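Undergrad: when you get a sec, could you give me coordinates for this:
(chains A and B)
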Amino acid sequence: MRIATWNVNSVAARLPRLQGWLQQVEPDVVCLQETKCAAEAFPAAGARSLGYEVVAHGDGRWNGVAILSKVGLGEVALGFDGQPAYAPAGEEAGGALLAVAPAPVVEPRAVGAMCGPLRVWSLYVPNGRAVDSPHYRYKLQWLAALRVALAAEVAAGPFVAMGDFNIAPTDADVWDPSVFAGATHVTGPERQALAELRTLGLRDVVPRALKYDTPYTYWDYRAGMFHKNQGMRIDLVYANATVADAVRDAYVDREARKGKAPSDHAPVVVDLDL
DNA sequence: ATGACCCCTCTAAGGGGA
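TA: Numbering: from 1, shown residues only, chains lettered A, B, ... in the order given. Down below sits the predicted model:
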């Protein structure tokens, strides 16, 4: 079984590339993030024509996740139990002119499904924006709640949670740690949240790079950063022992980051012999 | 050459990404 995860940075904008990539790589299961698309507007016909079942979870212009599967799709979960809403503290909670602050919304950042024998989650972890901001606290709360929600599933059978975690697990996972001093994605609490996920019995399936020995999955669009290999490994595959022991290959498909109109993230592709 | 931000929409004196 070939599984993959890809932050596509808008499924509508990426549709031609996504179609070609599906035909070329032929994954059995694909987790997508940042689809930026309401569920009912998800362009599923192309994937269906290639033999995929589709579940999309999205509510509009931000966030959005999906799973495509050729090996069955069932027991769908739109979000996880206890998934927190972004709820800004007083300093951000509406202006004085608003009599009532808008209700917090649970953002479409997680979708789970059974794909054949495999429990799969497609995750788009909140960015965090700035250390100690309300968005950063939300990111840590979100990861803590995820750990609680997934605990029982990790032990139940073949399990993988993959997606854009918006955390570089180690300093080796960013092109220059000094550039990220004081920034999100590299802080101790974020890395500790990943470590606590691993205590459930999950392992970080580190892919091989097809160039430079740095398995980065994201390169900013600006300043030729891809071409200078100034990237980060923030798209992660967290597998339980059953799945991790079944990994036969894992790689970052940096070819998908080249050329016209790419996403700023590259797919991670994992081959399993379950 | 892989090539020097890009996605969305309230189309900007914008929001968000990481």
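Undergrad: which parts of the stretch 51-200 of chain A are helices?
TA: A:134-154, A:188-198 (DSSP state H, counting those that start in this stretch).
Undergrad: between those, which one is closest to residue A:120.
TA: helix A:134-154 (10.3 Å; C-beta to C-beta). Quick note: C-beta positions are derived from backbone N, CA and C, even for glycine.
Undergrad: quick one: contacts of that closest one?
TA: A:80-84, A:86-89, A:91-92, A:109-110, A:112, A:119, A:121, A:123, A:125-130, A:159, A:161, A:166, A:184, A:189-190, A:193-194, A:196-197, A:200-202, A:240 (C-beta atoms under 8 Å, 6 or more residues apart in numbering).
Undergrad: and DNA strand B, which of the residues you listed contact it?
TA: Subset of the contacts of helix A:134-154 in contact with DNA strand B: A:126-127, A:129, A:166, A:184, counting by C-beta under 7 Å from any atom of the strand.
Undergrad: pull out the buried members of those residues.
TA: The neighbour-count test (16 or more other C-beta atoms under 10 Å) marks A:126, A:166, A:184 as buried among these.
Undergrad: list the contacts for the second one?
TA: I take that to be residue A:166. Contacts of residue A:166 (C-beta under 8 Å, 6+ apart): A:125-128, A:139, A:184-185, A:234.
Undergrad: what is the spatially most central residue of chain A paired to in the beta sheet?
TA: Closest to where the C-alpha atoms of chain A average out (C-alpha atoms, centre = their mean) is residue A:163, at 2.0 Å. Assessed by DSSP bridges, residue A:163 has beta-bridge partners residue A:123, residue A:236.
Undergrad: verify the contact between it and residue A:112 for me.
TA: No - contact status for residue A:163 versus residue A:112: not in contact, 11.1 Å apart, counting by C-beta atoms under 8 Å.
Undergrad: now do the same contact list for the residue nearest to the centre of chain A.
TA: Counted by C-beta under 8 Å, 6+ apart, residue A:163 has contacts A:5, A:7, A:31, A:33, A:65, A:121-125, A:235-236.
Undergrad: how about residue A:241?
TA: Going by C-beta under 8 Å, 6+ apart, residue A:241 touches A:201, A:203.
Undergrad: separation between it and DNA strand B?
TA: According to C-beta to the nearest atom of the strand, to the nearest Å, residue A:241 stands 29 Å off from DNA strand B.
Undergrad: same question for residue A:49.
TA: Distance from residue A:49 to DNA strand B, counting by C-beta to the nearest atom of the strand: 21 Å.
Undergrad: neighbours of residue A:41, how many?
TA: A count of nearby residues for residue A:41, using other C-beta atoms under 10 Å, gives 15.
Undergrad: again with residue A:181
TA: 8.
Undergrad: now swap in residue A:75 and tell me
TA: Residues near residue A:75, counting by other C-beta under 10 Å, number 10.
Undergrad: that one reaches residue A:114, doesn't it?
TA: Yes - counting by C-beta under 8 Å, residue A:114 is a contact partner of residue A:75 at 4.5 Å.
Undergrad: how about the strands in chain A?
TA: With DSSP state E as the criterion, chain A has strands at A:2-7, A:29-33, A:53-57, A:65-69, A:74-78, A:110-115, A:118-124, A:159-164, A:202-204, A:218-219, A:231-232, A:235-240, A:247-252, A:268-272.
Undergrad: pick the most deeply packed of these.
TA: Across these, the average number of neighbours (mean count of other C-beta atoms under 10 Å) peaks for strand A:29-33, which reaches a mean of 30.
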